[in-house]
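> Got a predicted structure plus its sequence, pasted below:
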Amino acid sequence: MTDRRSIAEGDGLEVADTDRFEATDTDGGSVDGAGGLEVTEADDGTVGRADDRDSSTESTAASTRPYGTGRSSERLRRAFVSGSVPVAVYGLGKMGLPLAAVFAETTDNVLGVDIDPNVVATIQAGDCHVKREPGLDELVAERVSAGALEATTNPREAARRCSVHVVIVPTPITDERAPDLSILDAAIEAIGTGLDPGDLVLVECTVPPRTTSDRVLPALEATSGLSRGSFGVAFCPERTSSGRALEDIRGAYPKVVGGVDAESTAAARAIYETINDEGVITVSDATTAECVKVFEGLYRDVNIALANELATFTDEFGIDVREAIDVANTQPYCDIHEPGPGVGGHCIPFYPYFVIAPFETDAPLLETARAVNDSMPAFTVAKLRDGLEAEGTALSDATVLVLGLTYRPGVEEIRASPSIDIAAELASAGATVYGVDPMLESDDLEAFDLEAISLEAACDLPIDGVILVTPHEEFDEIRWADLGTDREDEPSAHRDHRPVVVDGRGTVAGPIGSRVYEIGGGVREEQGWDS
Ligand SMILES: NC(=O)c1ccc[n+]([C@@H]2O[C@H](COP(=O)([O-])OP(=O)(O)OC[C@H]3O[C@@H](n4cnc5c(N)ncnc54)[C@H](O)[C@@H]3O)[C@@H](O)[C@H]2O)c1
Ligand SMILES: CC(=O)N[C@@H]1[C@@H](OP(=O)(O)OP(=O)(O)OC[C@H]2O[C@@H](n3ccc(=O)[nH]c3=O)[C@H](O)[C@@H]2O)O[C@H](CO)[C@@H](O)[C@@H]1O
């Protein structure tokens, strides 16, 4: 990676006269940059710092500064695409690595940062640790071999070398269900140590409203010694979903940006317009942008809670609630989501606490929705208990198989996965619990109160009950007849040899010779195999 690409040499642009820059804050006031810093600027905005840096650092200073030079957005876009704006991406996980790779295919000049040495070593070898992201393996390999993408475990080195700093680290919640921004704080602190006037910090990780203005900006000032107005900060939410990250980042929908001042917003817009084909929506400020992201998640959690609450009426209504939801959704004013065994991941179940916890205003709807969604694992286990008892088996004596431990199909993530609570509920009831997940290694499973096995091994166990929580594509091939009976025997027509199945996601297709309860669909009395 180059610290800077010489635009003057590469593009025949002349170095312009020394410019003094001024930035205005969102109130339009004039905020003096870091003590009236003098800069030299090429036609496209490639600047050097006319300060007392020794010659050994001169080349690192002579790169295009994306903020506060008064240059047009077009010139910043041109400089960015030319590779003269070194980009650091802090956090190379499911979201950060695809983002870094897309930036690298645009600028050829990206330094990824991750505290996990295994992540960095994998990327430096041109490999990809993020699974089932179409195109990502190839893109990472190609960009690393082209020298367009590097990785380091040293955030301070990255902060020193780069002038656009994209932060996409985890923002979990604590055991007390409050936002845990300690990882973000650490990344911001490291960036502050290497922040230069004219740099631009882009926060992509989901945060509580007011975090960028009230936490990130002051922290950058404190650790860099620079004053606001001499560097840019914007919140630019990551609106990407695992399993389609490259497609989403490149422009499945517009990018949203909101800066702490107008110049930050403009600079962020120029940067993201180079990678997002759907364009950029600029909003009034960073807090508005933070709310856009959080509101997306809150809408989803509340909506799923509605679907789940409706699903609990299935038996009393005596209908397939999923059918009613599907038909209700045929008119444009209704978009009820899908019921299931619970809501997992580190987005949807966490975002409500970014609003519930830090603010005085009550949020009864958000809290109720969380309670409804958190009740679904117990509801799911209760349905299995009912089914087993109808077949004369007590849950406490049952051997139960949980299919799918990650929070949704195809994504290697277990945070808040419904299977965690389902396994705990089963084990506390006295059942013997096994789990199958093709995406997880055995050392990923300490959060689960079960024994991890392969699907093949499960077929040799006397399984009484099955809960399908996360329908990985591998489960499409399940031979249900092999579950619950000895493989050598012909599948028995007697139900008491067939496991009771709870289908959490409505994905068990057709008759399988077992009693099936579908969450939101109700009981499907299946015919025996010899009928
Ligand atoms: N996963 C999603 O579907 C999704 C979607 C949109 C937004 N987001 C948001 O994106 C952010 C990242 O999510 P993710 O799914 O990529 O997480 P992840 O757990 O997959 O990856 C996070 C990476 O950050 C690294 N890391 C931790 N601390 C660090 C530090 N101080 N400096 C540098 N790297 C550090 C970890 O080692 C890990 O590799 C979160 O805020 C999340 O809310 C996630
Ligand atoms: C850019 C971004 O932030 N993207 C987020 C990301 O979110 P995510 O990766 O956390 O995935 P989700 O799909 O939200 O699932 C969460 C849990 O909710 C369960 N669920 C889901 C739908 C439903 O109708 N009923 C349910 O019960 C599901 O099983 C799982 O456990 O992608 C979503 C688009 O996929 C986005 O909307 C969402 O903003």
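Here it is on my side, so go on. Ligands and ions are numbered 1, 2, ... in the order given.

> So residue 301, which state does it fall into?
For residue 301, the secondary structure call by DSSP: H, G, I helix; E, B strand; the rest coil comes out as helix.

> need the contact list for it.
343, 348, 349, 351, 352, 366, 369, 370, 373 (Cβ atoms under 8 Å, 6 or more residues apart in numbering). For glycine as for every other residue, the C-beta is placed from the backbone atoms N, C-alpha and C.

> tell me which element the residue nearest to the fourth one when sequence neighbours are not counted falls in.
This means residue 351. Leaving out its chain neighbours, the residue that sits closest to residue 351 by Cβ to Cβ, 6 or more residues apart in numbering is residue 297, at 3.4 Å. Assigned by DSSP states H and E, residue 297 belongs to helix 286-311.

> Indicate whether that helix makes contact with ligand 2.
Yes: counting by Cβ under 6 Å from any ligand atom, ligand 2 is contacted by helix 286-311 at 296, 297, 300, 304.

> Over to stretch 115-131?
No: shown here: stretch 115-131 not in contact with ligand 2 (Cβ under 6 Å from any ligand atom), separated by at least 13.3 Å.

> start to end distance for that stretch?
19 Å (Cα to Cα, to the nearest Å).

> With ligand 1 in mind, check whether that stretch reaches it.
Yes: Stretch 115-131 lies within reach of ligand 1 by Cβ under 6 Å from any ligand atom, at 115, 116, 119.

> Including pLDDT and neighbour count, could the residues of helix 286-311 next to ligand 2 go into CSV?
Formatted as CSV, the residues of helix 286-311 next to ligand 2 follow (pLDDT from 0 to 100; neighbours: other Cβ atoms under 10 Å):
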residue, pLDDT, neighbour count
296, 98, 16
297, 98, 20
300, 98, 16
304, 98, 23
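
> Could I get those in TSV, plus columns for distance to residue 161?
Shown next, in TSV, are the residues of helix 286-311 next to ligand 2 (distance: Cβ to Cβ, whole Å):
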residue	distance to residue 161
296	33
297	34
300	38
304	43
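
> thinking residue 346 is in contact with residue 180, fair?
No: counting by Cβ atoms under 8 Å, residue 346 does not reach residue 180; the two are 10.8 Å apart.

> what touches both of those two?
Taking Cβ under 8 Å, 6+ apart as the contact rule, residue 346 and residue 180 both touch residue 172.

> What residues does the closest residue to ligand 1 within the chain make contact with?
As assessed by Cβ to the nearest ligand atom, ligand 1 sits closest to residue 93 within the chain, at 1.7 Å. Applying Cβ under 8 Å, 6+ apart to residue 93 gives the contacts 114, 119, 130, 168, 170.

> Look up which residues are beta-bridged to residue 150.
residue 111 (DSSP bridges).

> neighbours of residue 142, just the number please.
If you count neighbours by other Cβ atoms under 10 Å, residue 142 ends up with 15.

> again with residue 274
17.

> And for stretch 380-390, what's in contact with it?
341-342, 394-395, 398, 400, 418, 422, 425-426, 429, 464-465, 467, 469, 500-502, 504, 515, 517, 519, 523.

> Against residue 109, how distant is residue 161?
10 Å (Cβ to Cβ, to the nearest Å).

> Residue ranges in this protein under the pLDDT threshold?
Counting by pLDDT under 70, the low-confidence segments of the chain come to 1-63, 485-497, 526-531.

> rerun that using 80 as the cut-off
For the chain, applying pLDDT under 80 flags the ranges 1-64, 70-71, 442, 481-482, 484-497, 525-531.

> So which bits of it are right by ligand 2?
With Cβ under 6 Å from any ligand atom as the criterion, the chain meets ligand 2 at residues 239-242, 296-297, 300, 304, 337-338, 340, 343-345, 347-348, 407-408.

> Can I have the buried ones of those as a ChimeraX selection?
To isolate the buried members of those in ChimeraX, using 16 or more other Cβ atoms under 10 Å:
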select :239,240,242,296,297,300,304,337,338,340,343,344,345,347,348,407,408
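
> Which positions in the helix or strand just after the helix holding residue 297 come out as buried?
Where DSSP H and E defines the elements, the next helix or strand beyond helix 286-311 is helix 314-317. Buried residues in helix 314-317, counting neighbours by 16+ other Cβ under 10 Å, are found at residue 314.

> now what about whichever helix or strand comes after helix 314-317, what contacts it?
Using DSSP H and E, the helix or strand that follows helix 314-317 in sequence is helix 321-328. Helix 321-328 is contacted by residues 307, 310-311, 313-314, 334, 336, 338-339, 506, 518, 520-522 when judged by Cβ under 8 Å, 6+ apart.

> Going by distance to ligand 2, which of these wins?
The closest of the contacts of helix 321-328, once distances to ligand 2 are taken by Cβ to the nearest ligand atom, is residue 338, at 3.6 Å.

> pretty sure the closest one is touching residue 305, no?
No: counting by Cβ under 8 Å, residue 338 stays clear of residue 305, with 11.8 Å between them.

> Quick check, central residue of the protein?
residue 95 (5.6 Å; Cα atoms, centre = their mean).

> check contacts around it.
With Cβ under 8 Å, 6+ apart, residue 95 has these contacts: 168, 204, 238, 240, 242, 245.

> run the last query once more with 6 Å
168, 238, 240 (Cβ atoms under 6 Å, 6 or more residues apart in numbering).

> before we move on, what about residue 143?
101, 104, 149.

> switch to 10 Å and redo it
Contacts for residue 143 (Cβ atoms under 10 Å, 6 or more residues apart in numbering) come out as 100, 101, 102, 103, 104, 105, 108, 110, 123, 126, 149, 150.

> From residue 363, how far off is the closest residue to residue 303 other than its chain neighbours?
Nearest-residue entry for residue 303: residue 337, 4.6 Å, with adjacent residues in sequence omitted and distances by Cβ to Cβ, 6+ apart. Separation of residue 337 from residue 363 (Cβ to Cβ) stands at 20 Å.

> again, but for residue 86
In terms of Cβ to Cβ, residue 86 sits 41 Å off from residue 363.

> Also residue 237?
20 Å.

> Can you tell me the element residue 435 falls in?
strand 432-436.

> partners of the next helix or strand after that strand in the sheet?
Using DSSP H and E, the helix or strand that follows strand 432-436 towards the C-terminus is strand 451-452. Paired strands of strand 451-452, with direction, are strand 432-436 (parallel) (DSSP bridges).

> List the buried residues for the partner strand?
Those would be 432, 433, 434, 435, 436, for strand 432-436 by 16+ other Cβ under 10 Å.

> is it true that the second one touches residue 451?
Read that as residue 433. Yes: using Cβ atoms under 10 Å, residue 433 is in contact with residue 451, at 7.1 Å.

> which residues do these two both contact?
residue 423.

> So which residues on the chain come close to ligand 1?
90-96, 113-116, 119, 155, 168-171, 183, 186-187, 205-206, 238, 240-242, 346-347.

> residue contacts, residue 165?
86-90, 113, 155, 158-159, 187-188, 190-192, 194-195, 199-203, 220, 231-233.
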